[in-house]
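J.: Below is the structure, and that's it, no one-letter string:
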């Protein structure tokens, strides 16, 4: 009699394993397909441009502030180390493009240094960000 009662309880339980499998598969799908936005780490006052062209999502964002400080991934980087950092980011995403966000008050020299470092690192697509 005891045996029949236990068997009946087991038959009445809901098996959650298939539901958990589906939930984990959906979680993995959303993680893989999510696009992660990288920010340079500082706010930059960009200039207006009449010939601005919308660019698809850039993978490497470099910001130059008014004091000519260079920022990548929320960290200030010395101009001498920029090439190595860009090479590292390019190795993570070989098809990546670079967008430079230069402040209105930054110098052309700082922008040129950043562009040269990107070209020396092997970046094929370098753009300068402007306001829409």
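T.: The structure has been received and is ready for your questions. Computed from a predicted model, the values in this text were never measured in an experiment.
J.: CA only for contacts and neighbour counts going forward, please
T.: Fine.
J.: Near residue 59, how many other residues are there?
T.: Residues within reach of residue 59, counting by other Cα atoms under 10 Å, total 20.
J.: and it, how far is that from residue 65?
T.: 19 Å (Cα to Cα, to the nearest Å).
J.: and if you look at residue 75?
T.: Taking Cα to Cα, one finds residue 75 at 12 Å from residue 65.
J.: between these two, which one's more packed in?
T.: residue 65 (21 against 11).
J.: Quick check: phi and psi on the closest residue to the more buried one other than its chain neighbours?
T.: Leaving aside its chain neighbours, residue 65 sits nearest to residue 103 (5.1 Å; criterion: Cα to Cα, 6 or more residues apart in numbering). Per-residue torsions, residue 103: phi -70, psi 150 (degrees, to the nearest 10).
J.: same question for whichever strand or helix holds residue 119, mean pLDDT?
T.: Using DSSP states H and E, residue 119 sits within helix 108-120. The pLDDT scores in helix 108-120 average 90.
J.: Name the residues of it that are buried.
T.: By 16 or more other Cα atoms under 10 Å, the buried positions in helix 108-120 come out as 110, 111, 114, 115, 116, 117, 118.
J.: Quick one: the strands in this protein, in order.
T.: With strands called from DSSP state E, the chain shows them at 60-64, 70-72, 75-77, 98-102, 126-128.
J.: Need the residues that contact the helix ranked longest in the chain.
T.: When the chain is parsed with DSSP state H, its longest helix is helix 17-33. Outside of helix 17-33, no residue comes within contact range by Cα atoms under 8 Å, 6 or more residues apart in numbering.
J.: same question, stretch 108-116
T.: 64, 68, 79, 82, 102, 126.
J.: mind running it again at 7 Å?
T.: Stretch 108-116 has contacts (Cα atoms under 7 Å, 6 or more residues apart in numbering) with 68, 102.
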